[in-house]
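> A structural model of the following input is requested.
(2 chains)
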Amino acid sequence: MEEFLSFILRWPIVEDYFIAYPWAWPLNEILHFIGLILLIGIVGMYDLRLMGVAREIPVAALQRLMPWAIFGFALTIFTGLLFTTGIYANLEIDPYTVLINDGYLQLKLIFLFLAGLNLLAFNVSGASRSVEILGPGEDASGKAKIFAGASLFLWITVMYFGRLVPWGQLSS
Amino acid sequence: MEFLDFIESSSLSIWLRESPSVLAYPTLLAFHTFGMVFLVGTSTAIALRLLGFASSVPLAPLRKFFPVMWFGLSVSVVSGTLLLMLDARLFLTMPAFYIKLLGVAAALTIMRLLRARVLSDRAGVDTGPVPRQAQVLAGAALISWAIAITAGRVTAYASFIGWQSAAAVLILAVVLLVGRYITVRYLRAKSA
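Sure, this is the predicted structure:
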């Protein structure tokens, strides 16, 4: 398992890309930022509407911006995987070694998973359907507000631990 | 320079720079990221609405999200000032730093203008498309933010790498926009 993971996480083609072009790493960071701005900016706005900010906006109307948040999410995942699979080019440490040693990276992934679970529960519990019909001035249910608050909190935590990743213990 | 030296060697700067605690420098950087996301993320969502996406969102209530932007701006300015104090000489002699500030200033000016002209109750339009001029301004705000983010990120690199990265961002943006333009025209021609 360990050998398999160390093997599968290192992508020579990505390492070569980062080594060949000095601009590749900063470009990847910039795209990661743009992705998280789209994701958390738009999801955060949606969460705040559910929590009571700008109630005049119908929730279904705001939801039409979600494809941009999903695009942002895809961009962070893609650039995040490039960081992971090409990390050896930058640090000369295996991505697997970083993954099992860096507590901040682990916390980030755990909170990312929790944000996903929260979204799943928001949908499965019917709270997402209950807010879709909210028109101008209508307030979300207490349950939906808790999901929205949790979402905002979890995404901020993901960002926090994500920013700390370079300061984690990178190898044993 | 003497003044910058003085700031860099203040005890707060030294603690923030040299403390092994994750609550010092790394947390300061994280706050700068939070500020950026609330400021740029919220204004990006508003700009996308003005560019024609989610056009059923009424315009006037979007003003209520401006306090979120100003909150993000305050967090960015406070954390940014502290980060600047740590390496005042480095940042203040770096073109990328001034380009970033100009990008931020331009974007903020445009957002304030849009708030006053397009998002006010008196503007007449509430849902649906906005005037062409407002769309151009919204596009300009997005470009200004992209410049600010790119310039800000490359302050961590040698200047030639910074310029190369900026060129890479520009090329990528042009390719994506041209690609989108061609796709949209092709789809329109096909459906016509």
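
> for chain A, what's the nearest residue on chain B?
Nearest residue of chain B to chain A (C-beta to the nearest C-beta) works out as residue B:41 at 1.7 Å. (Glycine included, C-beta is placed from N, CA and C.)

> residues near that residue, how many?
Using other C-beta atoms under 10 Å in any protein chain shown, residue B:41 has 26 neighbouring residues.

> residue contacts, residue 158?
Picked chain A for this. By C-beta atoms under 8 Å, 6 or more residues apart in numbering or on different chains, the contact list for residue A:158 reads A:108, A:111-112, A:115.

> SS state for it?
Look at residue A:158: counting by DSSP: H, G, I helix; E, B strand; the rest coil, its state is helix.

> swap in residue A:78?
Of the three states, residue A:78 takes helix under three-state DSSP.

> now do the contacts for it.
By C-beta under 8 Å, 6+ apart, the neighbours of residue A:78 are residue A:35.

> so what's the closest residue to the residue of chain B closest to chain A other than its chain neighbours up against?
Nearest residue to residue B:41 in three dimensions, chain neighbours excluded: residue A:41, at 1.7 Å (C-beta to C-beta, 6 or more residues apart in numbering or on different chains). Counting by C-beta under 8 Å, 6+ apart, residue A:41 touches A:69, A:72, B:37-38, B:40-42, B:44-45.

> where's the nearest residue to residue B:12 once chain neighbours are set aside, which helix or strand?
By the measure of C-beta to C-beta, 6+ apart, the closest residue to residue B:12 outside its immediate chain neighbours is residue B:85, 7.3 Å from it. Taking DSSP states H and E as the definition, one finds residue B:85 inside helix B:66-86.

> for that helix, name the packing helices and strands.
Using 3 or more C-beta pairs under 8 Å, 6 or more residues apart in numbering or on different chains; DSSP states H and E, the elements in contact with helix B:66-86 are helix A:24-51, helix B:2-8, helix B:11-18, helix B:25-50, helix B:95-117.

> show residues contacting it.
A:44-45, A:48, A:53, B:7-8, B:10, B:12-13, B:16-17, B:25, B:28-29, B:31-32, B:34-43, B:91-92, B:108, B:111, B:115.

> the residues you listed, buried ones only, as a ChimeraX selection?
What follows is the ChimeraX syntax selecting those of these that are buried according to 16 or more other C-beta atoms under 10 Å in any protein chain shown:
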select /A:44,45,48 /B:7,8,13,16,25,28,31,32,34,35,36,37,38,39,40,41,42,43,91,108,111,115
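
> residues of chain A that sit close to chain B?
Contact residues, chain A versus chain B (C-beta under 8 Å from any C-beta of the partner chain): A:21-24, A:26-27, A:29-30, A:33-34, A:36-38, A:40-42, A:44-45, A:48, A:53-58, A:60-65, A:68, A:136, A:156, A:159-160, A:163-164, A:166-167.

> and these, which of them are buried?
Buried subset of the residues of chain A next to chain B (neighbour count, 16+ other C-beta under 10 Å): A:22-24, A:26-27, A:29-30, A:33-34, A:36-38, A:40-42, A:44-45, A:48, A:54-58, A:61-63, A:65, A:68, A:156, A:159-160, A:163-164, A:167.

> report the distance from the helix ranked longest in chain B to the chain centre.
Assignment by DSSP state H gives helix B:159-191 as the longest helix of chain B. Once both centres are worked out by C-alpha atoms, centre = their mean, to the nearest Å, helix B:159-191 turns out to sit 19 Å from its chain's centre.

> may I see the buried residues of that helix?
By 16+ other C-beta under 10 Å, the buried positions in helix B:159-191 come out as B:161-162, B:164-166, B:168-169.

> and those near chain A, which?
Contacts with chain A are made by B:161-162, B:164-165, B:168-169 out of those, judged by C-beta under 8 Å from any C-beta.

> now residue A:150: which helix or strand?
Using DSSP H and E, residue A:150 falls within helix A:142-164.

> quick one on the thing from earlier: next SSE after the helix holding residue B:85?
Downstream of helix B:66-86, the first helix or strand assigned by DSSP H and E is helix B:88-92.

> so what touches that following helix?
With C-beta under 8 Å, 6+ apart, helix B:88-92 has contacts from B:1, B:4-5, B:7-8, B:84, B:97, B:155.

> list the buried ones in stretch A:148-162?
Within stretch A:148-162, the residues that count as buried by 16+ other C-beta under 10 Å are A:148, A:150-152, A:154-162.

> with stretch A:67-85 instead?
For stretch A:67-85, the neighbour count (16+ other C-beta under 10 Å) marks A:68-69, A:72-73, A:75-76, A:79-80, A:82-85 as buried.

> cool, and stretch B:97-108?
For stretch B:97-108, a neighbour-count test (16+ other C-beta under 10 Å) marks B:97, B:99-100, B:103-104, B:106-108 as buried.

> ok now the helix or strand hosting residue A:82, how far from the chain's centre?
According to DSSP H and E, residue A:82 maps onto helix A:66-91. In terms of C-alpha atoms, centre = their mean, the centre of helix A:66-91 is set 9 Å apart from its chain centre.

> and if you look at stretch B:12-28?
Once both centres are worked out by C-alpha atoms, centre = their mean, stretch B:12-28 turns out to sit 25 Å from its chain's centre.

> contacts for that stretch, please.
With C-beta under 8 Å, 6+ apart as the test, stretch B:12-28 has contacts from A:160, A:163-164, A:166-167, B:7, B:79, B:82-83, B:85-87.

> hmm, try it at 7 Å
Outside of stretch B:12-28, the residues within contact range by C-beta atoms under 7 Å, 6 or more residues apart in numbering or on different chains are A:163-164, A:167, B:7, B:79, B:82-83, B:85-86.
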